[in-house]
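[1] Can you look at this prediction? I've put the sequence above it.
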There are 2 protein chains.
Amino acid sequence: MHTPSNGGAPQLGGLLNREVAVVTAGTSVLADALAEQAVPVEPVEWRPPSGPEGLAGDLAVVMGDRRRSGADAEAVGRLLAARPHLVDVRPADEVLDVEPGTFLHAGPPLTWDRASGPMRGALIGAALFEGLAGTPEDAERLLRTAPLAPCHQHGTVGPMAGVVSPSMWMFVVEDAESGGTAYCSLNEGLGKVLRYGAYGPEVIERLRWMAGSLGPALRDAVRAHGPVDLRSIMAQALHMGDELHNRNRAATSLFVRELAGDLAEASGGAEALRFAAGNDHFFLNLAMAAGKVGADAARDVPGSSLVVAMARNGTDFGIQTSGTGERWFTGPAGVPDGLYLGSYGPTDANPDIGDSTITETTGVGGFAMAAAPAIVRFIGGEVPDALAATQRMYEITLAEHPAFQVPILDFRGTPVGIDVTKVVRTGLLPVVNTGIAGRVAGTGQVGAGLVSPPAEVFTQALHALAEQATIAP
Amino acid sequence: MHTPSNGGAPQLGGLLNREVAVVTAGTSVLADALAEQAVPVEPVEWRPPSGPEGLAGDLAVVMGDRRRSGADAEAVGRLLAARPHLVDVRPADEVLDVEPGTFLHAGPPLTWDRASGPMRGALIGAALFEGLAGTPEDAERLLRTAPLAPCHQHGTVGPMAGVVSPSMWMFVVEDAESGGTAYCSLNEGLGKVLRYGAYGPEVIERLRWMAGSLGPALRDAVRAHGPVDLRSIMAQALHMGDELHNRNRAATSLFVRELAGDLAEASGGAEALRFAAGNDHFFLNLAMAAGKVGADAARDVPGSSLVVAMARNGTDFGIQTSGTGERWFTGPAGVPDGLYLGSYGPTDANPDIGDSTITETTGVGGFAMAAAPAIVRFIGGEVPDALAATQRMYEITLAEHPAFQVPILDFRGTPVGIDVTKVVRTGLLPVVNTGIAGRVAGTGQVGAGLVSPPAEVFTQALHALAEQATIAP
């Protein structure tokens, strides 16, 4: 109810004449005194951010690091300046520096004995695809001792299980600004696919066709076309309802449209066009490689608390920061909260898995949900939730993206560059928009939803940053 | 300023204790009485909708037509039920029932002497393209006496000048619900193009290539693919930031993606893919034919005041209603208000032109602006204006579209089915989102913006509806 507006005096009179209501926070001395005078009091629970012992000390040390502000500006500046281009498509063994027999996987380092169902399934499938084993049982035996390495360690990212073996073909993405290169495998489509842990004959057959036909057709088309500007496609797609993690319909359409003429002239091009066009997520792997090459450009700035990797192996959720090199800070991967396909439910869900969180690391995905209100039909929730998710992320990021905009927020740049200190200070965790894999190897996708990293990865990272901080004299 | 909420009694007390403010409308007896008591009065100017003499009477008669509610429900029901599919691509002389030598044009009927610059330019270009004249001067001589007919009269729509001659190739769109068919020419791209009145050698050469190569390639691809579901593409595009009149980027991308495999296998397909992919507006002509086939299904319901055509010929803006057959109600076309390209300004603008207002007639275009916030970068204004434009249109329409939704309005259906009586009663005119042609023949596009029909077309239509109304005994 509004008081009538009749200039200043009557309003002031209204204030003084009306009953007093008081909101109090913190120590109760004031609230108690008011209550004794029969004044209605609305006490608010508030305390400084909680955390393990030493956290406040770590925060003070890192915040006081005299390199911090310059280092963060340098690191996030490189991330924002990245101009990723798809420059080639080539087999993994031609471009990745990986020992023969090693399998790459999503997330932080992992051993077979700790691997989840879909991760084991994907590794089995890769061993079958490479002809290293004739049966799933043989493959398991092999894999118990085979060397495993994170994709991230080799300039690579992989969705879901993210398993990469030498014969798979990779998108080759270069950052025209830094000159860096990153790789991602080709998207297999939906249904029974390796990245969700399926390894049946149709999965292996599709991988063979992708290596024998799709990869070469894409290579020929990309070489005929010249570098494909991924930043431009991604910027447009955010104006077209994608957030570039769980929704890539616009980006996939723009990419197919961009390469269509050259693919039409490539051997196997019509089939490649139908395959890419038949999968709304085809672009995801390109968005991931684009994110990786930008995030890698931001690495190794001493004193920077910028997050340069967030990744999950289906067991652990890990992050890396610019100031702490190759070191992973890990905690248990959570189970996403979202919508399930068909008769699946939360008990069918594997914990969070995949390198696709590189999208959130670089200002899209869950951070750009406000650009993709239609995503709520896929992951649950209401349109205002999508807007609110993006708006919250401005509180834990260092910048607003100069090229990636949200039209409905008046073209505001997406929140980009997660700062460990801001996460710890606010207690707000990054929002991740993800697919949900079935817990049992071979199940495939069971749903899609939202998840957050475990808070402890940020407090661990903060501690590591504190240990190497340079405090002003 | 809010009063503290302490239950009902104190609030009521607050109301009674505070100063009284009164808002009055209509006759001044109450306001005068209050003013004499020194009570502040806020008089609001209000009067019944104004208009030419007899308007209130026409409105009463049409509103009282006992057929009206049933007729409008029938007409708009047919419009909403339309399921337009692209089923073929063929030369105009094979599909249109037009006398040889007749030129079709956009908008209501027109004669050469009243035709604007871009309309004359496009007619000259069509005569040159058909080989009926060797020079623009010869063409002008021919056109002074050549028969002209509106596209709309032949189940056809054309963007801007909308000139159709026998050798041009047409999209053939069928409504799977009503069985009706509508046609639209192929989009030529931007720059110097016939539809904006350009007729130089490059324009004629492009038209020849479109007839000799693009049309046949599209025909082969569509026949190989089978009917292309345009309603589905349009519904998706509205989730992807298009409004389907001035912004067709998503729909064009989805269409290219859908046909890419079949075009890749068609003769001339790679070139056709590059041409379609190179033009964000390629889909506009399909959205128009889709709108036309739905609007035509809603025609000829006696007593219905539903608008089934809005179209401009560059001189006049005309509408047709379901209840009044082929009769046009016309008034002078306005000049759109928007953004201009390069150094062009309002003095370079031709009055409003084109059949593309079939999009607004069928619940997209300006009516779906809330789905396309990025459109404000092209036509001017701010994002909230785009939301407000759509929200206003609910006041003058009969329905919300069951398939065309606006995600940011919580997936509300777009406002669809303009009702002449609602326009007259509210005084709100349909909002049209359009390109702006240069006033001088051959200039091309000079900008894009918003425009409204002249109010008189609705009062004329109302009068005609009143004349044939059937009043309950």
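    That came through fine.
[2] starting at the chain centroid, how far to the top strand by length along chain A?
    When chain A is parsed with DSSP state E, its longest strand is strand A:397-406. Relative to its chain's centre, strand A:397-406 lies at 15 Å (Cα atoms, centre = their mean, to the nearest Å).
[3] which neighbours does it have in its sheet, and in what orientation?
    The sheet places strand A:397-406 alongside strand A:412-418 (antiparallel), with pairing taken from DSSP bridges.
[4] I'd like to know the average pLDDT value across the partner strand.
    Averaging pLDDT along strand A:412-418 gives 98.
[5] Now whatever helix or strand comes next after it: buried residues?
    Following strand A:412-418 in sequence order, the next helix or strand is helix A:420-426 (DSSP states H and E). Of all the residues in helix A:420-426, those buried under the rule 16 or more other Cβ atoms under 10 Å in any protein chain shown are A:420-425. C-beta here means a position set from N, CA and C on the backbone, and glycine is covered the same way.
[6] contacts for helix A:420-426?
    For helix A:420-426, the external contacting residues (Cβ atoms under 8 Å, 6 or more residues apart in numbering or on different chains) are A:49, A:51, A:55, A:59, A:62-63, A:68, A:305-307, A:321, A:395-398, A:428-430, A:455, A:458-459, A:461-462, A:465.
[7] Just after that helix, pick out the following helix or strand.
    For helix A:420-426, the succeeding helix or strand toward the C-terminus, using DSSP H and E, is strand A:432-437.
[8] That following strand pairs with which strands?
    By DSSP bridges, strand A:432-437 pairs with strand A:445-451 (antiparallel).
[9] Run the chain-centre distance for the partner strand.
    For strand A:445-451, the distance to the chain centre is 14 Å (Cα atoms, centre = their mean).
[10] So which residues make contact with it?
    When contacts are defined by Cβ under 8 Å, 6+ apart, strand A:445-451 is touched by residues A:190, A:196, A:246, A:334-341, A:344, A:348-349, A:352, A:366, A:378-381, A:389, A:431-438.
[11] residue boundaries of the helices in the stretch 151-300 of chain A?
    For the stretch 151-300 of chain A, the helices defined by DSSP state H, counting those that start in this stretch cover A:201-209, A:215-225, A:230-238, A:249-264, A:269-277, A:284-297.
[12] could those go into JSON lines alongside mean neighbour count?
    Listed next are those as JSON lines, based on neighbours: other Cβ atoms under 10 Å in any protein chain shown:
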{"stretch": "helix A:201-209", "mean neighbour count": "16"}
{"stretch": "helix A:215-225", "mean neighbour count": "20"}
{"stretch": "helix A:230-238", "mean neighbour count": "24"}
{"stretch": "helix A:249-264", "mean neighbour count": "27"}
{"stretch": "helix A:269-277", "mean neighbour count": "23"}
{"stretch": "helix A:284-297", "mean neighbour count": "29"}
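[13] So which of the ones you listed is nearest residue B:256?
    helix A:249-264 (4.7 Å; Cβ to Cβ).
[14] Does that closest one pack against any helices or strands, and if so which?
    On a contact count with 3 or more Cβ pairs under 8 Å, 6 or more residues apart in numbering or on different chains; DSSP states H and E, helix A:249-264 meets helix A:215-225, strand A:228-229, helix A:230-238, helix A:269-277, helix A:284-297, helix B:249-264, helix B:269-277.
[15] What lies in contact with the longest strand of chain A?
    By Cβ under 8 Å, 6+ apart, strand A:397-406 touches A:72-73, A:76, A:80, A:231, A:234-235, A:238-239, A:306, A:363-364, A:367-368, A:370-371, A:390, A:394, A:411-419, A:422.
[16] For it, buried residues please.
    A:397-401, A:403-406.
[17] returning to what we had before: which one of the buried residues of helix A:420-426 is nearest chain B?
    Taking Cβ to the nearest Cβ as the measure, chain B lies nearest residue A:422 of the buried residues of helix A:420-426, at 27.6 Å.
[18] Backbone dihedrals for residue A:103, both of them.
    Torsion angles at residue A:103 (phi, psi; degrees, to the nearest 10) stand at phi -110, psi 130.
[19] what's the burial count for it?
    By other Cβ atoms under 10 Å in any protein chain shown, the residues close to residue A:103 number 22.
[20] how about it, what does it touch?
    By Cβ under 8 Å, 6+ apart, residue A:103 lies in contact with A:123, A:126-127, A:143, A:146-149, A:163-165.
[21] which stretches of the stretch 1-150 of chain A have low pLDDT?
    Along the stretch 1-150 of chain A, segments meeting pLDDT under 70 span A:1-27, A:42-53.
[22] residue boundaries of the helices in it?
    Counting by DSSP H, counting those that start in this stretch, the helices of the stretch 1-150 of chain A are A:8-17, A:29-36, A:55-64, A:68-81, A:92-95, A:117-129, A:136-143.
[23] and of those, who's closest to residue B:117?
    Among the helices of the stretch 1-150 of chain A, the nearest to residue B:117 by Cβ to Cβ is helix A:68-81 (46.8 Å).
[24] what helices or strands is the closest one leaning on?
    Using 3+ Cβ pairs under 8 Å, 6+ apart: helix A:68-81 touches helix A:284-297, strand A:397-406, strand A:412-418.
[25] In the last one, which of the residues would be classed as buried?
    Applying a neighbour-count criterion of 16+ other Cβ under 10 Å, one finds A:412-418 buried in strand A:412-418.
[26] Brilliant, that's me finished.
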